[in-house]
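>>> Need coordinates for the below:
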Amino acid sequence: MKNLMLLLLGLTFISVIFNSPKVSAQGHKAKEEVPRDFTYPAPFDYEEIKEPIVSRSLSGIVVVPLTESKGYIGNPVPNALVERVTPDWKRRLDATFTNEDGLFKLKSVPPGTYHLKLSNLYFNTLLVKVIVSRKAKNTLKLELSPGT
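Take a look at the predicted model:
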């Protein structure tokens, strides 16, 4: 009876995983997909960068700011959720997770202005506008501040 229950539980779990809607996650090393309804719990606080950042693409690295004094200054932030969202910051268009080195890459987009929302369980959520330009030489370096 115990084995039958474990088998049923396993089949239910597999069914849920394979039947849930997905969003691409090209930046994660294993190319895992982000479930459409995935979100981290409510953030400690929101930080918004008011001035747009110019970049060659929607790819880069997420790190802890160099000004922090908690012992992990400048370290990469793995498993941060990076979302391309609508200009009102409310609806997800695309998403990925950072890998263990804090790197991410969203799918290629034409030049223009995009809105990114970055979150992680232990950090404040970051809202940033990015101007993608073919003339830009840099990729993004975004900083998530630890929650308080």
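>>> and P52, how many residues sit next to it?
Using other Cβ atoms under 10 Å, P52 is surrounded by 13 other residues. Yep, even glycine has a C-beta here, placed from its N, CA and C like the rest.
>>> Hmm, I typed the wrong one, I wanted Y40.
With other Cβ under 10 Å as criterion, Y40 counts 14.
>>> tell me the contacts of it?
By Cβ atoms under 8 Å, 6 or more residues apart in numbering, the contact list for Y40 reads L81, S119, N120, L121, T125.
>>> repeat for T113
Counting by Cβ under 8 Å, 6+ apart, T113 has contacts P52, K129, V130, I131, V132.
>>> okay, it: pLDDT?
Per-residue pLDDT puts T113 at 96.
>>> In what element of secondary structure is it found?
strand 112-119 (DSSP states H and E).
>>> moving C-terminal of that strand, what's the next helix or strand?
Strand 112-119 is succeeded, C-terminally, by strand 125-132 (DSSP H and E).
>>> Could you identify the helix or strand that succeeds that following strand?
strand 140-143.
>>> Now that next one: buried residues?
L140, L142, E143 (16 or more other Cβ atoms under 10 Å).
>>> What is it packed up against?
strand 59-63, strand 125-132 (3 or more Cβ pairs under 8 Å, 6 or more residues apart in numbering; DSSP states H and E).
>>> Pairing partners for the strand holding T113, with directions?
strand 81-85 (antiparallel), strand 125-132 (antiparallel) (DSSP bridges).
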